[in-house]
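[1] Sequence first, predicted model second:
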Amino acid sequence: EPEVTQTPSHQVTQMGQEVILRCVPISNHLYFYWYRQILGQKVEFLVSFYNNEISEKSEIFDDQFSVERPDGSNFTLKIRSTKLEDSAMYFCASRGGQYTEAFFGQGTRLTVV
Amino acid sequence: RKEVEQDPGPFNVPEGATVAFNCTYSNSASQSFFWYRQDCRKEPKLLMSVYSSGNEDGRFTAQLNRASQYISLLIRDSKLSDSATYLCVVNSRAAGNKLTFGGGTRVLVKP
């Protein structure tokens, strides 16, 4: 069964460093998302991506964040100059159509120290 | 008003019992609706989509009430393995097909 894969599963980084979280969406999907979930809190929308551009972003997704689909398969989230409060689980998701369900990767647990 | 709201629970349910809970959404232009299940520290997994006429999948029944802007999930004959957090997810095409999550309803099924 096709699945969304994310790497790494866990990343520890020092405050101020840049991190890149990687995702391989399901191959024929068209819509891509990043979400984050701080421990014990709700799943928060960061950004949606369609047709090689951002279609919607949240207030959280400020200049510190960027997304790319560099090669038609990978979908990356870059976080520049990480802060302690960026520590969270980051989930990538993809969906085939605008009304269909989304499939989530297993997540990357980011710990900023 | 929050975009998607859920009773956080927990709902403590005896094994074999029925439990039901709702989710309200604020955007009347929302087009599609889903229930996801999340186990501790895991990714959300689709439980079922919610259709306008209501739909059932085994022990799970979902309903949509557009007039009152809520969806519901009913679990019959609860199993211990049904213990999880149930996430209501609402899609808005007008907002770049953003999928907005509720805060989740925690269900604990006990023997």
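    The structure has been received and is ready for your questions.
[2] Mind pulling the model confidence for B:Ser72?
    We have a pLDDT of 98 for B:Ser72.
[3] ok, it - contacts?
    If a contact means CB atoms under 8 Å, 6 or more residues apart in numbering or on different chains, then B:Ser72 has B:Ala20, B:Phe21, B:Asn22, B:Cys23, B:Ala62, B:Gln63, B:Asn65 as its contacts. All C-beta spots, glycine's among them, are computed from the backbone N, C-alpha and C.
[4] Give me the neighbour count for the residue in chain B that chain A sits nearest to.
    Using CB to the nearest CB, the single residue of chain B nearest to chain A is B:Gly96, 2.8 Å away. With neighbours defined by other CB atoms under 10 Å in any protein chain shown, the count for B:Gly96 comes to 18.
[5] host element of the nearest residue to it once chain neighbours are set aside?
    Counting by CB to CB, 6 or more residues apart in numbering or on different chains, B:Gly96 lies nearest to A:Glu56, which is 2.8 Å off, once chain neighbours are set aside. In this assignment (DSSP states H and E), A:Glu56 forms part of strand A:53-57.
[6] following that strand, which helix or strand comes up?
    Per DSSP H and E, the helix or strand that comes after strand A:53-57 is strand A:65-68.
[7] Say whether chain B is contacted by that next one.
    No. Using CB under 8 Å from any CB of the partner chain, strand A:65-68 stays clear of chain B, with a minimum separation of 12.9 Å.
[8] partners of that strand in the sheet?
    Here strand A:65-68 has these sheet partners by DSSP bridges: strand A:75-79 (antiparallel).
[9] buried set for the strand it pairs with?
    A:Phe75, A:Thr76, A:Leu77, A:Ile79 (16 or more other CB atoms under 10 Å in any protein chain shown).
[10] need those residues in TSV with pLDDT and distance to B:Ser83, can you?
    Formatted as TSV, the buried residues of strand A:75-79 follow (pLDDT from 0 to 100; distance: CB to CB, whole Å):
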residue	pLDDT	distance to B:Ser83
A:Phe75	95	32
A:Thr76	97	35
A:Leu77	98	31
A:Ile79	98	33
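[11] Between those, which sits nearest B:Leu108?
    Nearest to B:Leu108 out of these is A:Leu77 (CB to CB; 33.3 Å).
[12] check contacts around B:Pro111.
    Contacts of B:Pro111 by CB under 8 Å, 6+ apart are B:Pro14, B:Glu15, B:Leu80.
[13] make it 6 Å
    B:Glu15 (CB atoms under 6 Å, 6 or more residues apart in numbering or on different chains).
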